[in-house]
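Trainee: Next comes the sequence, and after it the predicted model I'd like to discuss.
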Amino acid sequence: MDAEPLPGPLDTLARAYWDLYLEANPLFATSIGDPRWDDQLADPTPEGSAITRARYAALADRISALDRTGWDAETGITHSALLESISGDIALLDTGLLDWNVDSLEGVPADFFLVPDYQCPETPDEGRRLISRWREMATYTDAHLATLRRSLGDGRVACHAPVARTISILEEVLDRPDAESPLMAPLAEVDVLGTWTTAERERFAAALRDVVTTGIRPAFERLHDALVTEILPASRPDDRPGMCHVTHGDEGYRQLIRVHTSLDLGPDELHALGLAEIDRIDRELTQLAARTIGTTTLADALTALRGDPSLYFSTRDEFYAKAEYSLARATEAIPDWFGRLPQAACEIERMGSHEEEHSSIAYYRQPAPDGSRPGQYYLNTAHPETRPRYELEALTYHESIPGHHLQIAIGQELPQTAEFRRHLGPTAFFEGWGLYTERLADEMGLYTGDLDRIGVLSYDAWRAARLVVDTGMHAMGWPRDRAIEYMKEHTALASNNIVNEVDRYIVLPGQALAYKAGQLEMLRLRAETRDRMGPSFDIRAFHDVVLGNGAIPLPTLRDVVERWAERATAAA
């Protein structure tokens, strides 16, 4: 459903921003069902980034200059969200991170391998547009490599660990026949569609094979060889993984803190907050472990949790089935806690073999707004013997219901909200909500027992430790090994998960800070509102207010909740 028009110029600028954002991020456009750029990729060159930045800045100037006289609350929310979003886009470009970073999670080639999951051509014309985008993958890869070389000449280079991971991913792909490439997946989809003639399918198949074999593979080989011979030897050692070791990195990291948290916080403040949270959670975890597994110290508890094979899954199917069961229970329970429920369903998917070895344990992908694809909770079922049973319920509630799916699907379905607000927002809102719901699930009666509550505490410690190690590496110069050891000392996460996580923080500076920043603000708002409203406080109404405006900056969320509480208290 289209959003209703906003007053005057703000409506025009909001729509202009949304189109500009999608044009600059064509893969995201395709993932949400907007086909206008299905044949394109972003421009990764410094020249392309400069053009995009200038367009964002010109738009921001026009938004800031608007006369706000007579605006209602909804219009004010759109204005603040619009400025926050566009400022974040500019800041991300200004950090220079996109020029020198080698991102094994969301860069080349990992990001390309996800495209067939949401771009399946149903007509020959859509097939031609897909082939054009696949050709652009080779061009993009070469442009990315040229930018890495240029940055290396300026003394800016990625850390060793993510470069080595990316080399490993490329080698795994290049060692396989092209027929097994994830980028060949559309061929199987087209073969089962009855809308194509035999000749059309054959032409599409020939074009797809040609672009993968003669375009993408050679580009991946060039990138692999350059990473091995040029970038890896010059990469920053793992004892210097943070942005503080890159020219202008300190300033860039502060910009990324604002981008992801929507708050004006410094790294020292966030580091201290993380240490305080870890101290609190350590005590809670030690006490709960004493009641459940009979240990007396935190170190003994973590050793027991990591060392008992009975606390881990045996097979991929067992791991998947428990997640499926947990999602079903949560889906049944949410009407008692939320008045507004999403129309889109949520399904669990297994990660593909091309990503599971180097990915985190799970992630969520939003539904297609047109209803053609449900929300998808992707689960990494590799090495089930390393996946703790006591963590899976908290993981499932975070990634699906009542976590990411509930919040994101509801946001997409808001009928009178500017389009960009249905899809974009600060990381702190998205991830803060996900972390908030891990404890909410206990209030909802969803956890099976105290062992699963140990998982809640371990996951809470995981996010608190992120505040410590992300600021530790990027602002205080921590080596990678120190970050890994700190997480081993304060969470029950499996060692392989910890290593993957720390490497994720290296390539996504500041993103890991958003979870605790958002969760703590939402918990504060709930406690303050309950105290203010007394017996008239309604948890369903509170949740509907929090989720009823899309993902908005945390200061804006506070204003929204406080205004609602004031009106509700006066009415009561």
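Mentor: Thanks, I have it.

Trainee: Give me the secondary structure label for the closest residue to residue 158 other than its chain neighbours.
Mentor: Leaving out its chain neighbours, the residue that sits closest to residue 158 by Cβ to Cβ, 6 or more residues apart in numbering is residue 102, at 4.0 Å. Where you see a C-beta, it was placed from the backbone N, CA and C, and this is true even at glycine. Put simply, residue 102 is coil when judged by DSSP: H, G, I helix; E, B strand; the rest coil.

Trainee: doesn't residue 147 make contact with residue 102?
Mentor: No: counting by Cβ atoms under 8 Å, residue 147 is not a contact partner of residue 102; they are 10.9 Å apart.

Trainee: When those two are compared, which one has more neighbours?
Mentor: Ranked by neighbour count (other Cβ atoms under 10 Å), residue 102 and residue 147 place residue 102 first, with 26 against 19.

Trainee: Please state the backbone phi and psi of the more buried one?
Mentor: Main-chain dihedrals, residue 102, degrees, to the nearest 10: phi -110, psi 100.

Trainee: gap between it and residue 20?
Mentor: Look at residue 102 and residue 20: by Cβ to Cβ, to the nearest Å, they are 27 Å apart.

Trainee: swap in residue 537?
Mentor: 41 Å.

Trainee: Next: residue 547.
Mentor: For residue 547, the distance to residue 20 equals 27 Å [Cβ to Cβ].

Trainee: same question, residue 505
Mentor: Distance from residue 505 to residue 20, by Cβ to Cβ: 30 Å.

Trainee: More neighbours: which of the two?
Mentor: Using other Cβ under 10 Å as the criterion, residue 505 and residue 20 rank with residue 505 on top: 24 against 18.

Trainee: Spit out the contact partners of that one.
Mentor: Contact analysis of residue 505 by Cβ atoms under 8 Å, 6 or more residues apart in numbering lists 466, 469-470, 473-474, 483, 511-512.

Trainee: quick one: which of these is nearest to residue 206?
Mentor: Of all the contacts of residue 505, residue 511 has the smallest distance to residue 206: 41.0 Å, by Cβ to Cβ.

Trainee: Find the nearest non-adjacent residue to that closest one, please.
Mentor: Per Cβ to Cβ, 6+ apart, closest to residue 511 is residue 260, 5.3 Å.

Trainee: which SSE is the one you found in?
Mentor: Per DSSP states H and E, residue 260 falls inside helix 249-261.

Trainee: what packs against that helix?
Mentor: Packed against helix 249-261 by the contact rule (3 or more Cβ pairs under 8 Å, 6 or more residues apart in numbering; DSSP states H and E) you find helix 73-94, helix 267-292, helix 427-443, helix 450-476, helix 514-533.

Trainee: Now render those helices as TSV, adding mean pLDDT.
Mentor: Listed next are these as TSV, based on pLDDT from 0 to 100:
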stretch	mean pLDDT
helix 73-94	96
helix 267-292	97
helix 427-443	98
helix 450-476	96
helix 514-533	97
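
Trainee: closest one to residue 199 among those helices?
Mentor: helix 73-94 (43.9 Å).

Trainee: Next, the angle helix 427-443 makes with that closest one.
Mentor: 120 degrees (axes from the mean of the first three to the mean of the last three Cα atoms, to 10 degrees).

Trainee: List the buried residues for helix 73-94?
Mentor: Neighbour-count burial for helix 73-94, counted by 16 or more other Cβ atoms under 10 Å, picks out 74-75, 77-82, 84-93.

Trainee: Contact partners for residue 281?
Mentor: Neighbouring residues of residue 281 by Cβ under 8 Å, 6+ apart: 457, 460-461, 464, 490.

Trainee: what's the helix or strand for residue 199?
Mentor: helix 198-210.

Trainee: May I have the helix or strand just after that helix as CSV, with CA atoms only?
Mentor: Note on helix 198-210: by DSSP H and E, the next helix or strand toward the C-terminus is helix 217-226. Listed next in CSV are the C-alpha coordinates belonging to helix 217-226 (Å, rounded to 0.1, in the frame of the first residue of the first chain):
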residue,chain,number,x,y,z
ARG,A,217,35.2,-16.2,-12.8
PRO,A,218,38.1,-14.3,-14.3
ALA,A,219,37.2,-11.2,-12.3
PHE,A,220,37.2,-13.3,-9.1
GLU,A,221,40.5,-14.8,-10.1
ARG,A,222,42.0,-11.3,-10.6
LEU,A,223,40.7,-10.3,-7.2
HIS,A,224,42.0,-13.5,-5.5
ASP,A,225,45.5,-13.1,-7.0
ALA,A,226,45.7,-9.5,-6.0
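
Trainee: Quick check, residue 293 in contact with residue 301.
Mentor: Yes: Residue 293 is in contact with residue 301 according to Cβ under 8 Å; the separation is 6.8 Å.

Trainee: Show me which of the two is the more surrounded one.
Mentor: Under the neighbour definition other Cβ under 10 Å, residue 293 and residue 301 were set side by side, and residue 301 has more, 25 against 17.

Trainee: need the contact list for that one.
Mentor: Residue 301 neighbours (Cβ under 8 Å, 6+ apart): 285-286, 289-290, 293, 295, 492.

Trainee: which other helices and strands contact the least confident helix or strand in the chain by mean pLDDT?
Mentor: For the chain, the helix or strand with the lowest mean confidence is helix 353-356, at a mean of 80 (criterion: mean pLDDT, DSSP states H and E). Packing contacts for helix 353-356, counted by 3+ Cβ pairs under 8 Å, 6+ apart, involve helix 110-114, helix 160-174.

Trainee: And for it, what's in contact with it?
Mentor: 110, 113-114, 169, 172-173, 182, 380-382.

Trainee: Mind listing the strands the helix or strand that it is followed by pairs with, and their directions?
Mentor: Toward the C-terminal end, the helix or strand that comes next after helix 353-356 (DSSP H and E) is strand 362-365. Applying DSSP bridges, strand 362-365 is found paired with strand 375-379 (antiparallel).

Trainee: How far off centre is the strand it pairs with?
Mentor: In terms of Cα atoms, centre = their mean, to the nearest Å, the centre of strand 375-379 is set 12 Å apart from its chain centre.

Trainee: Can I get the one helix or strand residue 326 maps to in CSV? Just the C-alpha atoms.
Mentor: If you go by DSSP H and E, residue 326 is part of helix 316-333. The C-alpha coordinates for helix 316-333 follow below in CSV (Å, rounded to 0.1, in the frame of the first residue of the first chain):
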residue,chain,number,x,y,z
ARG,A,316,21.8,-30.3,11.5
ASP,A,317,18.2,-31.5,11.4
GLU,A,318,17.9,-31.6,15.2
PHE,A,319,19.3,-28.0,15.3
TYR,A,320,16.8,-26.9,12.7
ALA,A,321,13.8,-28.7,14.3
LYS,A,322,14.4,-27.0,17.6
ALA,A,323,14.4,-23.6,16.0
GLU,A,324,11.2,-24.4,14.1
TYR,A,325,9.5,-25.5,17.3
SER,A,326,10.6,-22.3,19.1
LEU,A,327,9.3,-20.1,16.3
ALA,A,328,5.9,-21.9,16.4
ARG,A,329,5.5,-21.3,20.1
ALA,A,330,6.4,-17.7,19.8
THR,A,331,3.9,-17.2,17.0
GLU,A,332,1.2,-18.6,19.1
ALA,A,333,2.0,-16.4,22.1
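
Trainee: Please point out which parts of it sit buried.
Mentor: By 16+ other Cβ under 10 Å, the buried positions in helix 316-333 come out as 316, 319-320, 322-323, 326-327, 329-331, 333.
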